[in-house]
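Enquirer: Pasting the sequence and the predicted coordinates here, then a few questions.
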Amino acid sequence: MRRGISRFNRLVIALATFFILVEYSSAQRTKWAYLGGNTRVDSPQSGVYGTRGVASSSNVPGSRYGHVSFFDRPTQTFWIFGGRGYDSVGNRGFLNDFWCFYTLNNTWTWVGGSKTINAYQTSGLEGESSPDFIPAAREFPASWYDQEKREFWIFGGYGVVSGLGTGGAALASLWRYSVATNQWTYLNG
């Protein structure tokens, strides 16, 4: 069994409070290439959202930490959700934006969530799904990605709760996102 880098041809690494996009080639095990993003820690980057669902070379998530991510093999896409960082106007707080990076053409798509910090969840009843549903803004939730079913799961974290204003609290909600249907499902919490 081989250890180390898996069969992924590209990785996108989000570093602490800024994004640096890097490429790794499995044919050349030591070759990394800078693809773009803000490299200055002292210069936080606001998100450039563009149009929801439309990939663009000018789109970029804001600087952040405490987000969760997964890589979808069939589409060769890297996804990130939430965290704490900078929104579209440069305010810092909890995020619930959801992004997809297309490794084949190096573009970002804002998939959903709010362009501004501290957004509450949008959901229906437990078990209902919709492309308009989104978990509340949060940082450091537990997450897992099922490659076979192409489902992304998140639980808990620390973030906004309706009625508490912009302060944070421990969260206990469970959500599932389906890459195939582009829908979030609120499961419970």
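Expert: Noted; the coordinates are in hand. Numbers count the residues shown, from 1 in each chain.

Enquirer: Contacts only, for Leu187.
Expert: Leu187 sits next to Glu126, Gly127, Ser173, Leu174, Trp175, Arg176 when contact means C-beta atoms under 8 Å, 6 or more residues apart in numbering. Using the backbone N, CA and C atoms, a C-beta is placed for each residue, glycine as well.

Enquirer: List buried residues within those residues.
Expert: Using 16 or more other C-beta atoms under 10 Å as the burial test, the contacts of Leu187 include Ser173, Leu174, Trp175, Arg176 as buried.

Enquirer: In terms of helices and strands, where is Ser173?
Expert: Taking DSSP states H and E as the definition, Ser173 sits inside strand 169-178.

Enquirer: and what of Leu95?
Expert: In this assignment (DSSP H and E), Leu95 forms part of strand 92-102.

Enquirer: Put the alpha carbons of that strand into CSV.
Expert: Extracted in CSV, the C-alpha atoms of strand 92-102 (Å, rounded to 0.1, in the frame of the first residue of the first chain):
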residue,chain,number,x,y,z
ARG,A,92,-15.0,39.8,9.7
GLY,A,93,-17.2,37.2,11.4
PHE,A,94,-18.8,33.8,11.0
LEU,A,95,-19.4,32.7,7.3
ASN,A,96,-21.9,30.3,5.8
ASP,A,97,-20.9,30.8,2.1
PHE,A,98,-20.4,27.7,0.1
TRP,A,99,-17.8,27.6,-2.8
CYS,A,100,-16.6,25.2,-5.5
PHE,A,101,-13.2,25.4,-7.1
TYR,A,102,-12.9,23.8,-10.6
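
Enquirer: quick one: it to strand 169-178, angle?
Expert: 20 degrees (axes from the mean of the first three to the mean of the last three C-alpha atoms, to 10 degrees).

Enquirer: So what's the gap between the next helix or strand after strand 92-102 and the chain middle?
Expert: Counting by DSSP H and E, the next helix or strand C-terminal to strand 92-102 is strand 107-112. Centre-to-centre, strand 107-112 and its host chain are 9 Å apart (C-alpha atoms, centre = their mean, to the nearest Å).
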